[in-house]
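Peer 1: need a 3D model of the following:
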Amino acid sequence: MRARTIELYLARQIFAAVGFVLLGFLALFAFFDLIHELGDLGRGNYQLRQLFIFVLLSLPAHAYELFPVVVLIGTLYVLAHLASNSEFTVMRGSGMSPLNAAGVLARTGVAFVVLTFAFGEWIAPGAEEAGPAVARPDAAAEDIEARLEALMKLDPGPDPGRVAMAREALANAAAIVRKEAVAVREGIAFNAAREALAQHMHGAASRSGPWVSKAIALKKALDGAYFNYKFALDGFAVQLDDVPDQDLAGQVRARIDATLEHARAALARSGRLG
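Peer 2: Predicted structure coming up:
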């Protein structure tokens, strides 16, 4: 029992030290990202709120990259601290053998490996994918339009027809990405309205007059958000007519139809106020 208590104490010390070191590194990297993103502040819809969201969603990727280093630093700090305070001697005298200590280090190492795998396979990729969509949905379109503007300033040279075709292709690509960005924003608004109605439906013990009035108002807001979302997706699908690769366009249209069907089913479920 005593040895078990000592092993738990050692594991807690390692986890606490690693967490503290990771927090310090993440704060430093978040500061660097914040400084880097300040240059784009004010472009389009990219305001301070979107900047902070983008920086926060970048942290899981930094955590995944930093895990091996912070685990090493945190573990070495704990071992050095215990040795300097002669706590290892006390632990040995209390019944913890070197094999037990090695077992604690191995188990904590496996835990950190699992945590690193989870961040690398699920958390960080999801956050990196959501970051531009949530914080900067117009970034891709702005980049394409900037390239289009630079292209328009070029001298057409001996073949103005090819330059004109390139301009048209870039303009179509910018329009498609812009439509997609609008659809992403409206999808976020639709999900927020649906979540607000769901929380209201489950958050009251008694359904009196004010509760019903608010539920009706939230349902109307949800209907409006669904209409805007459907309109944005329909506009995105129509814009795909200008894509040269119609096989790819057909695959995207199929995903749009599936998204609309999912949204329609969610709207139907949310419409049951009883």
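Peer 1: where does the chain have low pLDDT?
Peer 2: 1-2, 43-46, 131-171, 203-209, 211, 242-246, 248-249, 270-274 (pLDDT under 70).
Peer 1: any idea where the strands of it begin and end?
Peer 2: Assigned by DSSP state E, the chain shows no strands.
Peer 1: which helix is the longest one in this structure?
Peer 2: Longest helix of the chain, by residue count under DSSP state H: helix 160-202.
Peer 1: how is this structure divided into domains?
Peer 2: 2-136, 141-270 (automatic domain parsing).
Peer 1: find the nearest non-adjacent residue to residue 62, please.
Peer 2: residue 29 (4.6 Å; C-beta to C-beta, 6 or more residues apart in numbering). All C-beta atoms are positioned from the backbone trio N, CA, C, and that covers glycine.
Peer 1: report how many residues lie close to that neighbour.
Peer 2: 18 (other C-beta atoms under 10 Å).
Peer 1: what sits against it?
Peer 2: Contact analysis of residue 29 by C-beta atoms under 8 Å, 6 or more residues apart in numbering lists 59, 62, 66.
Peer 1: I'd like the distance between it and residue 35.
Peer 2: 11 Å (C-beta to C-beta, to the nearest Å).
Peer 1: quick one: stretch 179-192 to chain centroid distance?
Peer 2: Centroid separation between stretch 179-192 and its chain, computed with C-alpha atoms, centre = their mean, to the nearest Å, is 15 Å.
Peer 1: actually stretch 197-204, sorry about that
Peer 2: 26 Å.
Peer 1: quick one: buried residues of that stretch?
Peer 2: 197, 200, 201 (16 or more other C-beta atoms under 10 Å).
Peer 1: dump these into JSON lines; add distance to residue 110 as well.
Peer 2: Converted to JSON lines, those look like this (distance: C-beta to C-beta, whole Å):
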{"residue": "197", "distance to residue 110": "43"}
{"residue": "200", "distance to residue 110": "44"}
{"residue": "201", "distance to residue 110": "43"}
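Peer 1: can you show me the helices along the protein?
Peer 2: Using DSSP H, helices in the chain cover 2-37, 48-84, 87-93, 98-118, 124-135, 139-152, 160-202, 209-239, 246-270.
Peer 1: got the contact list for residue 259?
Peer 2: So residue 259 contacts 187, 233 (C-beta under 8 Å, 6+ apart).
Peer 1: again, only using 7 Å
Peer 2: residue 233 (C-beta atoms under 7 Å, 6 or more residues apart in numbering).
Peer 1: look up the closest residue to residue 67, ignoring the ones flanking it.
Peer 2: residue 116 (4.4 Å).
Peer 1: ok, that neighbour - how many residues close by?
Peer 2: 18.
Peer 1: can I assume it is in contact with residue 69?
Peer 2: No: between residue 116 and residue 69 there is no contact under C-beta atoms under 7 Å: 11.3 Å.
Peer 1: tell me how far residue 101 lies from residue 91.
Peer 2: 7 Å.
Peer 1: ok, the residue nearest to the spatial centre of the chain - contacts?
Peer 2: In the chain, the C-alpha closest to the average C-alpha coordinate belongs to residue 127, at a distance of 2.4 Å (C-alpha atoms, centre = their mean). Going by C-beta under 7 Å, 6+ apart, residue 127 touches 57, 60, 61.
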